[in-house]
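**Student:** Sequence first, predicted model second:
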There are 4 protein chains.
Amino acid sequence: MIIQLDSDITPAEQQQLADKLASIKFKPTNVKTQFANYLIGVGKEEFDIRSIGNLPGIRDIHRVSDAYKLVSRKWKVNDTVLQIGDDIQIGTGHFALMAGPCSIESEEQIAATIQHLKKNRVKIMRGGVYKPRSSPYSFRGLGIDGLKLWHSMAKEAGIAIITEVMMVEQIEAMADYIDIFQVGARNSQNFNLLDALGEVDKPVLLKRGISGTLDELLQSAEYIFSHGNEKIMLCERGIRTFEKAYRNTMDINAIAMLKEKSHLPVIADPSHGIGVRKFVDKIALASIMAGADGVIFEVHATPEKAFSDGQQTLNFQEADLLISRMRKAFRLREEY
Amino acid sequence: MIIQLDSDITPAEQQQLADKLASIKFKPTNVKTQFANYLIGVGKEEFDIRSIGNLPGIRDIHRVSDAYKLVSRKWKVNDTVLQIGDDIQIGTGHFALMAGPCSIESEEQIAATIQHLKKNRVKIMRGGVYKPRSSPYSFRGLGIDGLKLWHSMAKEAGIAIITEVMMVEQIEAMADYIDIFQVGARNSQNFNLLDALGEVDKPVLLKRGISGTLDELLQSAEYIFSHGNEKIMLCERGIRTFEKAYRNTMDINAIAMLKEKSHLPVIADPSHGIGVRKFVDKIALASIMAGADGVIFEVHATPEKAFSDGQQTLNFQEADLLISRMRKAFRLREEY
Amino acid sequence: MIIQLDSDITPAEQQQLADKLASIKFKPTNVKTQFANYLIGVGKEEFDIRSIGNLPGIRDIHRVSDAYKLVSRKWKVNDTVLQIGDDIQIGTGHFALMAGPCSIESEEQIAATIQHLKKNRVKIMRGGVYKPRSSPYSFRGLGIDGLKLWHSMAKEAGIAIITEVMMVEQIEAMADYIDIFQVGARNSQNFNLLDALGEVDKPVLLKRGISGTLDELLQSAEYIFSHGNEKIMLCERGIRTFEKAYRNTMDINAIAMLKEKSHLPVIADPSHGIGVRKFVDKIALASIMAGADGVIFEVHATPEKAFSDGQQTLNFQEADLLISRMRKAFRLREEY
Amino acid sequence: MIIQLDSDITPAEQQQLADKLASIKFKPTNVKTQFANYLIGVGKEEFDIRSIGNLPGIRDIHRVSDAYKLVSRKWKVNDTVLQIGDDIQIGTGHFALMAGPCSIESEEQIAATIQHLKKNRVKIMRGGVYKPRSSPYSFRGLGIDGLKLWHSMAKEAGIAIITEVMMVEQIEAMADYIDIFQVGARNSQNFNLLDALGEVDKPVLLKRGISGTLDELLQSAEYIFSHGNEKIMLCERGIRTFEKAYRNTMDINAIAMLKEKSHLPVIADPSHGIGVRKFVDKIALASIMAGADGVIFEVHATPEKAFSDGQQTLNFQEADLLISRMRKAFRLREEY
């Protein structure tokens, strides 16, 4: 059960509500976000929902049977559209593009990428400064200094930044230099990190775990929301299956299903989704037809020379073509 | 190694070739199809391919390192386009639609379906008369009598028939009444069935096993081809993964990859691919963007009352809309 | 619902029962096996089971909510023990060993294997004469002639034969020369083959599909049973997962669970289960501790020279050691 | 390449070695653990290993082609045996038992568990004080206060403590109160956490990710080792597959394979491995036969009333029986 509280609910009214919930043995959790105050009640007893809904100080109340609550469409029927800066909107009716290298490498690389994005009217740049790597002997990113350089250049160009955060301690240091926090697949159930991202007023793009179920993804989103941050995007980035013809198996079905289960925007990551450069375009276009609100992909001036693994990275020419095709596909979908 | 033989190769020339292959320890397999004579050589020794290619009686020769040979694009660079009857072409540049019920049920049902297909200019009707069912206590189809009735009605309407064959003994009895044999996911590695279908001059739509790799699918296709039948379509119909939010996980990546690995047409089956009615349309459209040469899907006047499980079956109205959208998506793709 | 009928039930009593089932809208299926007559009723209405159980001509009646019925432990609480020939028993309280090469190759090979088995008091020899192979260009077995040779040698030595049957047409030709039919993983849902094996009075070892669920395996066993053959063994032989460090992932959990869900004997196939020779012993012993009633494994005088893939095949010395260890492990388990 | 340095290597000798590595373009990483100093070189050029091995200040040198280095058996042929306190040894030749509740709940619960362990001569108690939970609305553990209480009681009883650490910030606070850090499946690739655990001189039990490959697990162990901590145990705790008859699929194969690939001890977690109480015993015994150096399992006085999910938790009586059986199985294995 989710109860949205009036912004001016009085302490006495709150106590009355608490007593009522206690009487039906519902465990209450208070949630205060950027936008509203909620009370989540978890319990099993049957009761007349109007007996709570009619109490003073309550704006709205719904039963939500899903394991996740606030991110469920059963709570919020209308799609969430995130506003980022002045001119970026992410969610139904808009098409978001985020592109850039796997890793931030150098001033030259950042400059070339920004130029490419500007030319294509892409407003969000991706890139890693903290890199999760299977092996401890691999390059792990330029860190906060790389981020500061990137930020200064991106800001001047009017480009927003999305980059991965890997641990709680990084959040504060990063917050001033980024526009969207990305949570990677390996941290999809790093609950302390999710808790902490719930306490920041910055959008979070949350990737599905490499073998995470949709339910787990939505419950991870619920962690962020229930700690106070409603600005969440879900991201499908390929799952692990028996098939080894590609590095990952993009689960196109997830895009369609997540749009149904949740009101949050859904972003597709075709680069990691299939992990094979020559198929990124087809998977990106397929994702749009399946309902994605945006696409995040890897692009680099010279993928073969990228610091990190460039097997899934497009070059600028390939990206130019893909962006134009994606916009056409999005327009076709919107006409349906 | 694949060697295509001249149609008028002499016995002496064949002997010369056999001797040459024996000398480099290559195991030969003769393949005679509707269209050509081949000799497949499997071996490991290094040799100068020209020393064979220059022999008399040989039209073409290629090394093919894949486990599958004749179905590989390394052998045949140009896409195969199947001709079915006078007016149906399946393969690159064309968009094939096959629709109909899960099971053939009755004269009324066939009539209604045909009318629906005609209205939408769909030229191939699907439907099961032999049904593979997990439980022995489930409805297993109307059998050959159902097929004969269906055939007489479809023929009159100028509609081609695709239906599943489950065992070798059925092939001969069915052959006169169908236009395309379908091999279901559970029989994707029923090698005796594949052998036998190689000996018929009828197109075969071969479905990927529920956890079949692309390599296995292509080797299964090789069974059919190497027994004499070049008319093969590959079909992605969803795989089994850890995710249980949908009945199957449509592997959109397979469509892109199969078009790359093989010259054969690739058909998408979104109905089984995701197995959830309300998402069939999105998965169908995504499949087209990923490169599918056609779509096979389930439609029924009243899905709720279908004999077999109708959870993934569209009604006529939904199908009307989907067909129109698919054609638009195909046209957009062709413009790229 | 399963009803076991008296052997002398009269036509009138049968009619009375049929009428009763019709009145509660249960669909009846008659099953006549080597051992008994059953009537399976499938339906959804509530009714008092005694109103049927009290009818004349009925020996026993149980509700079985599983999708499979006759193979369920809910129908038959006591474990099934199969009697093969005079001196082999397979099922709880006994430990069955079946060993031999992947493929039957030659008289010498058969002789050497039989000698090895006799020395180790192993009474059942495995070996393939019809081989399912992914590629059409691979060795597909010696066929019926190989089987006849093998049979004459095994009979003289008092060794029983288990070998794979791949298609309905082979059953009759093979029946006189084998003691146990094996259904391979790829045919685990070849329903026509299962139907036909239900009509033979020979034991069947049914392997789980490469990604078959336990429910599917049990429903496949139900096909055999419901067509008249109660002599069934279930076999775990490894499943397909994301992990590629081994060829297959032996699902030890399945052994424990199948013994719980069904009364049928459960055999472990560690050779295919993990597919790596050096680990076959550990997986075999683990399977016994998980509850396996027997183990089938591959052994060859010179695994490196075996016709078929010998990666998972033990040599005689390794097999000697394993057999002795398995018997100790089985004794320890029985003492618990 | 791994180079073990003499403890008294001089700066000049180190420089000579660094120059040599630079000359063959190997990237060096210095590793200093509790026990030794290493230099890991990663590169691709061919060179004569003796040209490095003969330099002064070098104790040992080996090529290791695996992605992981120091945890590989190619580096260290002999099994690692961990010494914990005065009387606990974990590794080949010893059998380690760790048991206790899912979550630490109360003084009474701790007391009852300790009594049960003492009676069974189990020296290590497991229990969660920080709980990773899919849902933010679930019980998340008693935290550091619970740990302090537990520690004082366990210390008095001479019982060692293993418990899960979820974030870097917890390490320091926990270190005085625990004997073994546990890294849960969801944090198996939380690289910052692994880094930080490498800097503590406490044993770490590292669980495989829910769909982590063995290679990933070993590379995660390499993170800990290469940051300075050699005291690592690997733990198989079930993977995610298509099969839903059990909560997880215990991958018994992993136990055999990890013992081959690495010198580190391998612990089995049958409770989570299958996730079904009635099968925990069979899976535990199977794990021992597959080569496990120890077993960690859940036990609770009244599993039905446990704070956290008790579906996989044994009661005391069941645990008594299992412990006795496991010791017999271990003895049988050691006799082989």
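**Tutor:** Sure thing, it's come through.

**Student:** Next to chain B in this structure, residues from the stretch 101-250 of chain A, please.
**Tutor:** A:211, A:213-215, A:239, A:241-246, A:249-250 (C-beta under 8 Å from any C-beta of the partner chain). Every C-beta, even on glycine, is put in place using the N, C-alpha and C of the backbone.

**Student:** So which of these is the closest to residue D:226?
**Tutor:** residue A:211 (26.2 Å; C-beta to C-beta).

**Student:** got the contact list for the closest residue to chain D within chain A?
**Tutor:** Nearest residue of chain A to chain D: residue A:211, at 3.4 Å (C-beta to the nearest C-beta). Neighbouring residues of residue A:211 by C-beta atoms under 8 Å, 6 or more residues apart in numbering or on different chains: A:239, A:240, B:242, C:242, D:210, D:211, D:240.

**Student:** And for residue A:146?
**Tutor:** Listed by C-beta under 8 Å, 6+ apart, the contact set of residue A:146 reads A:104, A:129.

**Student:** ok, now with 10 Å
**Tutor:** Residue A:146 makes contact with A:103, A:104, A:105, A:106, A:107, A:110, A:127, A:128, A:129, A:130, A:163, according to C-beta atoms under 10 Å, 6 or more residues apart in numbering or on different chains.

**Student:** same question, residue A:127
**Tutor:** Contacts for residue A:127 (C-beta under 10 Å, 6+ apart) come out as A:98-105, A:109-110, A:113, A:141-142, A:146-147, A:150, A:154, A:161-164, A:298, A:300.

**Student:** Show only the entries of those residues found in strands.
**Tutor:** In strands, defined here by DSSP state E, the members of the contacts of residue A:127 are A:98, A:99, A:100, A:161, A:162, A:163, A:164, A:298.

**Student:** longest helix anywhere in chain A?
**Tutor:** In chain A, assigned by DSSP state H, the helix with the most residues is helix A:316-335.

**Student:** For that helix, buried residues please.
**Tutor:** By 16 or more other C-beta atoms under 10 Å in any protein chain shown, the buried positions in helix A:316-335 come out as A:316, A:318, A:319, A:322, A:323, A:325, A:326, A:328, A:329, A:330, A:332, A:333.

**Student:** nearest spatial neighbour of the fourth one, skipping sequence neighbours?
**Tutor:** To tie it back to what came earlier, the one meant is residue A:322. Here the nearest residue to residue A:322 in space, its sequence neighbours aside, is residue A:281; by C-beta to C-beta, 6 or more residues apart in numbering or on different chains that works out to 4.8 Å.

**Student:** again with the third one
**Tutor:** If you skip the residues right next to it in sequence, residue A:319 has residue A:299 as its closest partner in space, 4.3 Å away by C-beta to C-beta, 6+ apart.

**Student:** That neighbour bridge partners, please.
**Tutor:** Listed beta-bridge partners, residue A:299: residue A:314 (assigned using DSSP bridges).

**Student:** Would you confirm that it contacts residue A:284?
**Tutor:** No: applying C-beta atoms under 10 Å, one finds residue A:299 not in contact with residue A:284, separated by 11.7 Å.

**Student:** Overlap in contacts, the two.
**Tutor:** A:271, A:314, A:322, A:323.

**Student:** Neighbours of the residue nearest to residue A:229 when sequence neighbours are not counted, how many?
**Tutor:** Sequence neighbours aside, residue A:198 is the residue nearest to residue A:229 in space, at 4.7 Å (criterion: C-beta to C-beta, 6+ apart). Neighbourhood size, residue A:198 [other C-beta atoms under 10 Å in any protein chain shown]: 22.

**Student:** doesn't residue A:31 make contact with residue A:198?
**Tutor:** Yes: checked against C-beta under 10 Å, the pair residue A:198 and residue A:31 is within contact range at 9.1 Å.

**Student:** what is in contact with those two at once?
**Tutor:** Joint contacts of residue A:198 and residue A:31 (C-beta under 10 Å, 6+ apart) are A:222, A:225, A:226, A:227, A:228, A:230, D:136.

**Student:** returning to that earlier point: for the residue nearest to residue A:319, give its distance to chain C.
**Tutor:** Residue A:299 is 29 Å from chain C, where distance means C-beta to the nearest C-beta, to the nearest Å.
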